[in-house]
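[1] please work out how this folds:
(one chain, ligands or ions: 1)
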Amino acid sequence: MPTRPLVLCLSGLDPSGGAGLQADIETVAALGGHVLGLVTALTVQDTRNVAEVAATDPELLRRQLDLLLRDCRPQAVKLGLLGSAGQFGVILDLLQTCGVPVVCDPVLRAGGGARLLDPTAGAALRRTLFPAVTLLTPNAAEARLLCPGAADLDACGRELLEAGCANVLITGGDEPADDVVNSWYAAGRAPQRYRWPRLPETFHGAGCTLAAALAALLAQGLDTAAALQRAQEWTLQALRRAQTVGRGRRIPGRAA
Ligand code: PLP
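    Predicted structure coming up:
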């Protein structure tokens, strides 16, 4: 048996190293796990914004997964940027065979403003994959894009539960409030609010870092409530240690 919990991550590759698979690898390693990593898309981007997304061929992803999963048994799956709707079928097959917690960061729009998945793909993501998701982690803008008819963020949370996610954490880092308020939704209970100090800088890859930390902690066997508390604390710490690597937003300091 591997000594470190294995987290299977399907994410985009960000050459600036702030977001995507590099965020996953650094976060999971710092929390004691090991990443099995698949690249869903190559991106053209810097610390300011994303210029291009080149999706991986779904059949290549399928062959990578088929071979890898005959050898390794992940304890959690983390989905980040998915390159195209054509990948969803392959990923659904994966989630149905794995039977482990699934954290999905529905990456629809970059902090710099670029659309990373077109609206029809966003609707297909919701319809196809959300029923297999243990914990969905949209930021407020993504929650509104996923639920265009919802009156407010709480209505988005309820709608995303109805779409099949077992838990939803809507993060408020991209909202104008003084503090960052994140809200956890689960069936049959009132939303739980987490309030964190807003740091003065802006960050690139904060959402990926939080989702990867959640996956790492669920892979260790923490329950959802404990993983949510610890992953948010850990991410805030990484943001406090953020580093400047370019002229845009700072990237979380995740190194162990
Ligand atoms: N690039 C990749 C590969 C990502 O996964 C993400 C977000 O998840 C981004 C870019 C955008 O990150 P941010 O919104 O922090 O700039």
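[2] neighbours around the closest residue to residue 234 other than its chain neighbours, how many?
    What sits nearest to residue 234 in space, not counting adjacent residues and going by C-beta to C-beta, 6 or more residues apart in numbering, is residue 213, at 5.1 Å. In short, each C-beta sits where N, CA and C put it, glycine included. Here the number of neighbours of residue 213 (other C-beta atoms under 10 Å) works out to 29.
[3] need the next SSE after the helix or strand that contains residue 213, C-terminal direction.
    Residue 213 is located in helix 206-219, with elements delineated by DSSP states H and E. Using DSSP H and E, the next helix or strand after helix 206-219 towards the C-terminus is helix 224-240.
[4] now do that following helix: distance to the chain's middle.
    Distance, stretch centre to chain centre, for helix 224-240: 14 Å (C-alpha atoms, centre = their mean, to the nearest Å).
[5] for that helix, buried residues please.
    Along helix 224-240, these residues count as buried under the neighbour rule (16 or more other C-beta atoms under 10 Å): 224, 227, 228, 230, 231, 232, 234, 235, 236, 238, 239.
[6] residue contacts, the fifth one?
    Contacts of residue 231 were listed using C-beta atoms under 8 Å, 6 or more residues apart in numbering, and they are 210, 213, 214, 216, 217.
[7] quick check, nearest of the residues you listed to residue 117?
    Nearest to residue 117 among those, counting by C-beta to C-beta, is residue 210 at 18.9 Å.
[8] pLDDT score assigned to the residue in the stretch 51-200 of the chain that the ligand sits nearest to?
    At 3.3 Å from the ligand, residue 111 is the closest residue in the stretch 51-200 of the chain, using C-beta to the nearest ligand atom. pLDDT for residue 111: 89.
[9] how close does it sit to residue 88?
    For residue 111, the distance to residue 88 equals 24 Å [C-beta to C-beta, to the nearest Å].
[10] ok, residue 171 next?
    23 Å.
[11] for residue 151, same thing?
    For residue 151 relative to residue 88 (C-beta to C-beta), the value is 28 Å.
[12] so for those two, which residue has more residues nearby?
    More neighbours surround residue 88 than the other of residue 151 and residue 88, with 17 against 8 (other C-beta under 10 Å).
[13] wasn't residue 82 part of a strand?
    No - using DSSP: H, G, I helix; E, B strand; the rest coil, the secondary structure at residue 82 is coil, not a strand.
[14] tell me the phi and psi of it?
    In terms of degrees, to the nearest 10, the main-chain angles of residue 82 are phi -110, psi 130.
[15] tell me how many other residues surround it.
    Neighbours around residue 82, by other C-beta under 10 Å: 29.
[16] so what's it closest to, chain neighbours aside?
    residue 40 (5.2 Å).
[17] correct me, but the one you found touches residue 9?
    No - if you go by C-beta atoms under 8 Å, residue 40 and residue 9 don't touch, sitting 9.5 Å apart.
[18] thank you kindly, that will do.
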